[in-house]
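**Student:** I would like the atomic coordinates for the input below:
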Amino acid sequence: MLKGEKGITMLALVITVILLCLLASITISFSIGEEGVFTKSRRINYLDDISELQKELSEKEVLARANGQDNNTIKKELEEYLNNWLNSNEDYKDYKFEIKLNNEEDTFVLTYIDGATEEEEKWLNTVSFPRE
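**Tutor:** Sure, this is the predicted structure:
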């Protein structure tokens, strides 16, 4: 370099590149890691879908009981709604659920049987969800 000219040195360039790589790796791990933003977002959407399904089934049961329907009729209607819901939601097409009558409380309970990924089953364990 000529006297009086200014510019960046090789050392400054190397330090800058190292810092950028470090920041990029931190950002990527926060985004796609096991507890990353994308995973948390998927988990929230998943649990929201399952909770919404449980809520809708409960509402249908309450309405059916208010109309004086018997348990067999209610169960058939709930199973039909569940099957329609599973068929219309591609993410849950492989899931198997069962609707059981809780004799003690005379209410129906949605029970997960099979079909979720290992990760989704962990998520199911974080909510009050009856298991077979």
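
**Student:** which stretches of the protein have low pLDDT?
**Tutor:** Within the chain, the ranges that satisfy pLDDT under 70 run 1-5, 125-132.

**Student:** run the last query once more with 50
**Tutor:** 129-132 (pLDDT under 50).

**Student:** and the longest helix for it?
**Tutor:** For the chain, the helix that runs over the most residues, judged by DSSP state H, is helix 37-66.

**Student:** so how far is that one off the chain centroid?
**Tutor:** Chain-centre distance of helix 37-66: 10 Å, with Cα atoms, centre = their mean, to the nearest Å.

**Student:** how about residue 101, phi and psi?
**Tutor:** Here is the backbone geometry of residue 101 (degrees, to the nearest 10): phi -90, psi 130.

**Student:** That one: neighbour count?
**Tutor:** When neighbours are counted by other Cβ atoms under 10 Å, residue 101 registers 14. All C-beta spots, glycine's among them, are computed from the backbone N, C-alpha and C.

**Student:** Quick check: what element follows the host helix or strand of residue 112 along the chain?
**Tutor:** Assigned by DSSP states H and E, residue 112 falls within strand 107-114. Past strand 107-114, further along toward the C-terminus, the next helix or strand under DSSP H and E is helix 118-124.
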